[in-house]
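Novice: fold the following, please.
(chains A, B, C and D, ligands or ions: 6)
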Amino acid sequence: MAGSPVQVTGTVLTTRRVEAYHALTVVAPAVADRFRPGHFVTVAVGGPYSSMLTRRAFAIHDVKPDYGGTVEFVFSVRGPGTAWLADRRARDTLDLVGPLGRPFPLPRDPCTCVLVGGEYGSASLFVLADVLQRRGCRVDFVLGASSADRVFGALRARRMGETTTLTTEDGSLGMRGEVTDVLAGVIADARADVVYACGPMAMLRGVTAVCVEFGIPVQVSVEQAMACGVGICMTCVVPVIAEDGVTRMVRACTDGPVFLGERVRFDDVGTIPFDALGAPGGRHG
Amino acid sequence: MAGSPVQVTGTVLTTRRVEAYHALTVVAPAVADRFRPGHFVTVAVGGPYSSMLTRRAFAIHDVKPDYGGTVEFVFSVRGPGTAWLADRRARDTLDLVGPLGRPFPLPRDPCTCVLVGGEYGSASLFVLADVLQRRGCRVDFVLGASSADRVFGALRARRMGETTTLTTEDGSLGMRGEVTDVLAGVIADARADVVYACGPMAMLRGVTAVCVEFGIPVQVSVEQAMACGVGICMTCVVPVIAEDGVTRMVRACTDGPVFLGERVRFDDVGTIPFDALGAPGGRHG
Amino acid sequence: MPVDLRSYLGHVELPNPVFTASGCGGTGRELAQFFDVTRIGAFVTRSITMAPRAGRPTPRMAETPSGMLSAVGLQGPGVEVFAERELPWLAERGARTIVSIGGGSVAEYTALARRLAGAPGVTAVEVNLSCPNVEDRGRVFARDGSAAAEVVASVRAATRYDVPVIAKLAPDVADVVSLARLCVDGGADALSMINAPLGMSVDVDTMRPSLAAGTGGLSGPAIRPLAVRCVWQVHAALPGVPIVGMGGVMTGRDALEMVLAGACAVAVGTALFHDPYACQRILRELEELLQARGFDRLADAVGLAHRPAGAGPRNRIDLEESSL
Amino acid sequence: MPVDLRSYLGHVELPNPVFTASGCGGTGRELAQFFDVTRIGAFVTRSITMAPRAGRPTPRMAETPSGMLSAVGLQGPGVEVFAERELPWLAERGARTIVSIGGGSVAEYTALARRLAGAPGVTAVEVNLSCPNVEDRGRVFARDGSAAAEVVASVRAATRYDVPVIAKLAPDVADVVSLARLCVDGGADALSMINAPLGMSVDVDTMRPSLAAGTGGLSGPAIRPLAVRCVWQVHAALPGVPIVGMGGVMTGRDALEMVLAGACAVAVGTALFHDPYACQRILRELEELLQARGFDRLADAVGLAHRPAGAGPRNRIDLEESSL
Ligand SMILES: Cc1cc2nc3c(=O)[nH]c(=O)nc-3n(C[C@H](O)[C@H](O)[C@H](O)COP(=O)(O)OP(=O)(O)OC[C@H]3O[C@@H](n4cnc5c(N)ncnc54)[C@H](O)[C@@H]3O)c2cc1C
Ligand SMILES: Cc1cc2nc3c(=O)[nH]c(=O)nc-3n(C[C@H](O)[C@H](O)[C@H](O)COP(=O)(O)OP(=O)(O)OC[C@H]3O[C@@H](n4cnc5c(N)ncnc54)[C@H](O)[C@@H]3O)c2cc1C
Ligand SMILES: Cc1cc2nc3c(=O)[nH]c(=O)nc-3n(C[C@H](O)[C@H](O)[C@H](O)COP(=O)(O)O)c2cc1C
Ligand SMILES: Cc1cc2nc3c(=O)[nH]c(=O)nc-3n(C[C@H](O)[C@H](O)[C@H](O)COP(=O)(O)O)c2cc1C
Ligand code: FES
Ligand code: FES
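Specialist: Ligands and ions are numbered 1, 2, ... in the order given. Next up is the predicted model:
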């Protein structure tokens, strides 16, 4: 990571619709400077008299050098916070904190990487692909979503990737099905050394299972409801097996959001596994 | 009153600055239709995700027939609600309820009227003057404020009034002092039959005292913090002596805001007078 | 298909579950300018007292984040004028009127119930237990279970058998469940929750309390989580007792939240100050939400969030009381 | 002229009155990325428990109007790891650390206090009384005055004489003043108010409680009126007892509101989640506001809203407890 996160009030440079998604580009040099692929930002929503107290987290999709440095993120409207964001216009200001989180670890030597994205999860993969390619890596994409308009970045993937495989649940684009249905083939064909994945938890679990079968590492970027994004509220925890073999409830915002897939206990997300450190009636040391 | 109040979502037609004040014109035919001088509107502030729950009350300054009917109100920024309003732009929408309150009673026969306004209180007097003049009344204005930029409508008063007397506390416009310092002279010169007054409570008290000395009626429009504006919350009460001689705590929003000055117990505003109906330990019937 | 919205308070059937909250609907006449008060489930009056009351001095209200403080002090004309002028107006139009009563002693509550027992047009009596007990140095009845139960029992005894008695509780008590239980044991046919908890704000410019009365009741969406919690806890403990849920209900979604937590009816208070059509709007929105979720009857949604956890970790509910 | 911002908890002098609130500032390291934790009055730790705790399942948080619900469940590494790894980090930098402790029994609180009595760098001990008492069917200590007083007394006895013990209270009790009095009688040198009252929300789409734990603590500006009321009432009853005010403090104005109501220090919780610089900003804003009002010393503003009413009707304060 390049330095610690900062809070900035940035001006919205452009807003655009990308199929089912909205994209906002915000002038925020201090965030752009510190950016690494896999970082996210949190955004205050609702304006100065807002009843919405908690910031919303978004993966950084892109940074550009314009105006000293801009940050772009991509989102779909889910509730009132994202609805408010969808109404922002150029020249409005946005209050951002970032860059946050543990970015994607990069391979030391050139290798073959499969990048798997589900829904808006693919947003963070293109800057990653860029860095990987500049390090001499081969990049293959697997992108999926429920329907064609929710597959983010298919064109860019086709431009950048050695191969690009698309899946939709309704078959409106690429193969009918889920990314996990095609992943094994892609890994085998590309002789992949490592997989990077970002998307819904269920997808990450499936992707991890495939990678475990192949015996290759997978870096997953998880999503958990977050109140602070900076590691102080403890609301975003996931059960993760540490190097010492002990399961701990660790923060997705600062210990993650990127974890080694095999260490995340996907089946136990939303519970306290009985064998986690400090579990009720469980292990205490 | 012409029918009951309505709630409308109106489009802002124009915004303008008038010295220390902001003025907003909103398309609201249903409110404009029912308007009588002395009415007010209440406005929802802060947008859809606002933490500000209560509407803000503003006297209607003007109605015009454009776009089926527009309503204009004038305000100064006091706290967060008026700050938000000051940021509205043409084509924004505003949620209004109105027209509300008991309007100014009009004289049956032509007579001479002195209209007294303090600060933004003068905003509601021009449509009143207009109606009075159309009924053949003579209208004289007395407008005052702390400083020149806070005297609202001096030009319009000069154009409409038989005479116009201005006062400012700092002497930056008209006479140095308060409206009550000049009112007796104006009443005497014009041989006024009735006075209408709108402004801060302290001014209304002073104006009423002068009118009582002259033995002429004064209609005062009072201002009280209001949570609902439609008569259901009972937060806006003032002690008023009813026709039966009994003091009751009556609602400024629906029993007023216009009262006969001599009936308002100005000295007891902010208390429950011991002889009010239902006062603690006091009269019960 | 329209949803069957009927709601029951004891044996009394109401056409739908949306009420006004006590003290937030005026006399009914003011709201009648905006909507037909006979179309909502019930009109709940402000708390009626024996003698006329002038209430508290102004300022009586202050805005707070997503809420407001108010201290009206039960201003009203007293039960005689109410029974002669206000109740008949509601009764003539066919509104279902729930009369809220407030007193300073058990005797006063009882006298109020007696006076109302003879008055036509009373659908139910709601006992506002957030009144100071003059015989207990002004401690409010709701903070003392046995005093609350005594009030409820004597109102129940003085009220016609076919008129339900509803006990209204506030959240700022040590244990709302045990208070609810005492009220039900005392004879309450239903419970109403929540009354506004005591709050305060200080004006940092005048450096004085914002309200003349110092403290006031906190209402509006800010308190909805407290209300949902009370409704949930009491419904879990006393699943057979009808609950009127209130506290910050602004939309149909908020009303549905109360219903899923265990309320069979929902009262709308502060929302009316912002939107005088709120009751009708909320009723319409609630019906649409129930329809969209495939409910035929409101009753099927009452308390549904308590259903035994289905599969999947997100459904596991663990109800130890600590918040931390 | 700079304002003298010193604040006193018993005999301990702090350079200024702005603290973090327990459980809202992480270990200190996270916030150190944004501001120097030695520049605020004190850093208050999350509640430390004897054994490591994994806390509650997720979702642990839900947003509510101007507030949030959280149910973290005191996740933490236990007192040993805390004393070996977290406390020294704070102590080395010169931060004033107030260690919050949470237990399930009087014995556990006592053991925690004993363990900390030997640890260097403890400026004060805050006793989180909103923990369920395992010996009383999970009833939280704060809801039972005698249990609360017993905890405070035993912590006081186990703590070094020059380290103040602060009792932390929640608003959802029948009578916060009598609870405060019992804690002070039990030996508390100061009081901290308020902990987050218990709330709940139901997701109307999943038709399930939003939090895995069902209920959670309600924090943020929504509860500020409850906090100001508690601070006001307790300061009125016990004017000599230092109070750390908290609950929805987002700005210097909010901090000043607490101070005028009677708090000599102010803790910042949920605001930090929105603005990680909140403590420093609030401190600066508070100083500016005090300056603008002509105060030389913070101490002169503490409880000022209680001063006997001056002339003028707006200044008359009437403190009967009813909200209506
Ligand atoms: C690290 C990270 C990266 C993310 N990146 C993206 C992205 O690139 N594009 C995108 O569209 N969304 C992204 N999300 C999800 C996004 O944060 C939520 O969709 C958004 O917060 C919902 O806000 P709302 O007000 O519209 O919905 P509401 O459901 O009303 O939100 C209410 C509260 O819940 C929290 N919340 C609800 N759902 C989520 C969630 N899935 N994750 C985190 N917090 C949640 C919100 O922050 C808020 O506090 C990301 C989440 C995380 C944690
Ligand atoms: C009948 C009537 C007519 C009015 N006409 C005008 C007008 O033409 N121009 C104008 O500038 N102002 C007018 N006011 C005052 C105006 O309503 C307040 O200035 C405004 O509500 C302040 O809102 P705020 O958010 O800026 O301030 P805040 O002080 O933050 O308001 C907080 C709360 O207090 C209430 N409040 C505060 N002060 C007043 C007040 N004086 N009167 C009523 N409510 C108050 C607000 O409605 C709100 O609920 C009128 C008030 C009334 C009652
Ligand atoms: C201005 C006002 C007056 C109230 N008067 C009464 C009353 O007379 N009796 C009563 O039981 N509750 C009274 N309440 C409490 C409400 O009925 C309701 O319980 C509370 O406000 C919470 O609901 P809300 O958030 O929808 O307003 C009053 C509330 C307000 C805001
Ligand atoms: C996520 C979270 C965790 C908390 N953890 C603790 C805790 O461990 N011990 C404690 O005494 N209070 C805890 N609290 C309560 C806060 O210290 C504070 O009393 C409360 O949140 C009100 O202040 P606020 O509105 O500024 O957040 C926690 C609050 C939150 C939101
Ligand atoms: S979101 Fe607060 S610790 Fe992760
Ligand atoms: S403002 Fe509600 S009754 Fe007047």
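
Novice: quick check: buried residues in the lengthiest strand in chain A?
Specialist: Secondary structure of chain A read by DSSP state E shows that its longest strand is strand A:6-18. By neighbour count, with 16 or more other C-beta atoms under 10 Å in any protein chain shown as the criterion, the buried positions of strand A:6-18 are A:6-8, A:10, A:12-13, A:15. No exception for glycine: its C-beta is placed from N, CA and C like everyone else's.

Novice: paired strands for that strand, with orientation please.
Specialist: Here strand A:6-18 has these sheet partners by DSSP bridges: strand A:21-27 (antiparallel), strand A:93-100 (antiparallel).

Novice: state the mean pLDDT of that strand.
Specialist: The average pLDDT within strand A:6-18 is 95.

Novice: what about it and ligand 1, any contact?
Specialist: No - remark: strand A:6-18 sits outside contact range of ligand 1, by C-beta under 6 Å from any ligand atom, the gap being at least 11.5 Å.

Novice: residues in contact with C:E13?
Specialist: Contacts for C:E13 (C-beta atoms under 8 Å, 6 or more residues apart in numbering or on different chains) come out as C:6-7.

Novice: and the pLDDT at residue 212?
Specialist: By default, I'm working from chain A. Looking at A:V212, its pLDDT reads 96.

Novice: that's the wrong chain, I wanted chain C
Specialist: 94.

Novice: again with C:D136
Specialist: pLDDT, read off for C:D136, is 82.

Novice: so it touches C:D144, yeah?
Specialist: Yes - if you go by C-beta atoms under 8 Å, C:D136 and C:D144 touch, sitting 6.7 Å apart.

Novice: who has more neighbours out of these two?
Specialist: C:D144 (19 against 13; other C-beta atoms under 10 Å in any protein chain shown).

Novice: residues in contact with that one?
Specialist: Per C-beta under 8 Å, 6+ apart, neighbours of C:D144: C:133, C:136, D:174.

Novice: okay if I get those as CSV plus secondary structure and distance to chain B?
Specialist: Output for these, formatted as CSV (DSSP: H, G, I helix; E, B strand; the rest coil; distance: C-beta to the nearest C-beta, whole Å):
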residue, secondary structure, distance to chain B
C:N133, strand, 16
C:D136, helix, 18
D:A174, coil, 26
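
Novice: from the buried residues of strand A:6-18, which is closest to ligand 1?
Specialist: When the buried residues of strand A:6-18 are compared for distance to ligand 1 (C-beta to the nearest ligand atom), A:T15 wins out at 14.4 Å.

Novice: what residues are recorded as beta-bridge partners of that closest one?
Specialist: For A:T15, the beta-bridge partners under DSSP bridges are A:L24.

Novice: do I have it right that it meets A:Y21?
Specialist: No - judged on C-beta under 8 Å, A:T15 makes no contact with A:Y21 at a distance of 11.3 Å.

Novice: what bridges to A:R248?
Specialist: Residues in beta-bridge contact with A:R248 (DSSP bridges): A:V240.

Novice: for the stretch 101-250 of chain A, what spans make up the helices?
Specialist: With DSSP state H, counting those that start in this stretch as the criterion, the stretch 101-250 of chain A has helices at A:125-134, A:154-160, A:179-190, A:201-214.

Novice: is the residue in the stretch 151-300 of chain C that ligand 6 sits nearest to in a helix, a strand, or coil?
Specialist: Residue nearest to ligand 6 within the stretch 151-300 of chain C: C:F273 (6.7 Å; C-beta to the nearest ligand atom). Under DSSP: H, G, I helix; E, B strand; the rest coil, C:F273 falls in the helix class.

Novice: for it, which non-adjacent residue is spatially closest?
Specialist: B:C228 (3.8 Å; C-beta to C-beta, 6 or more residues apart in numbering or on different chains).

Novice: residues contacting the residue of the stretch 151-300 of chain C found nearest ligand 1?
Specialist: When scored by C-beta to the nearest ligand atom, the stretch 151-300 of chain C has C:R253 as its residue closest to ligand 1, at 11.3 Å. The contact partners of C:R253, by C-beta under 8 Å, 6+ apart, come to C:285, C:289, D:204.

Novice: closest to chain A out of these?
Specialist: D:V204 (11.7 Å; C-beta to the nearest C-beta).

Novice: sketch out the low-pLDDT regions of chain C for me.
Specialist: C:309-324 (pLDDT under 70).

Novice: in it, which residue is closest to the centre?
Specialist: C:S192 (4.5 Å; C-alpha atoms, centre = their mean).

Novice: that one falls within a strand, correct?
Specialist: Yes - assessed by three-state DSSP, C:S192 belongs to a strand.

Novice: list the residues that contact it.
Specialist: C:126, C:166-169, C:243-244, C:246, C:267.

Novice: most neighbours of all these, which one?
Specialist: Among these, C:M246 has more neighbours than the rest - 33 neighbours, counting by other C-beta under 10 Å.

Novice: how much space between the closest residue to that residue other than its chain neighbours and chain D?
Specialist: Nearest residue to C:M246, sequence neighbours excluded (C-beta to C-beta, 6+ apart): C:A267, at 3.8 Å. Separation of C:A267 from chain D (C-beta to the nearest C-beta, to the nearest Å) stands at 15 Å.

Novice: for whichever strand or helix holds C:A267, name the packing helices and strands.
Specialist: Under the criterion of DSSP states H and E, C:A267 resides in strand C:265-268. If you count contacts as 3 or more C-beta pairs under 8 Å, 6 or more residues apart in numbering or on different chains; DSSP states H and E, strand C:265-268 packs onto strand C:18-20, strand C:243-246, helix C:252-261, helix C:278-292.

Novice: hmm, the longest one touching chain D?
Specialist: Yes - using C-beta under 8 Å from any C-beta of the partner chain as the criterion, contacts between helix C:278-292 and chain D involve C:L289.

Novice: next, the buried residues of that helix.
Specialist: C:278-283, C:285-287, C:289-290.
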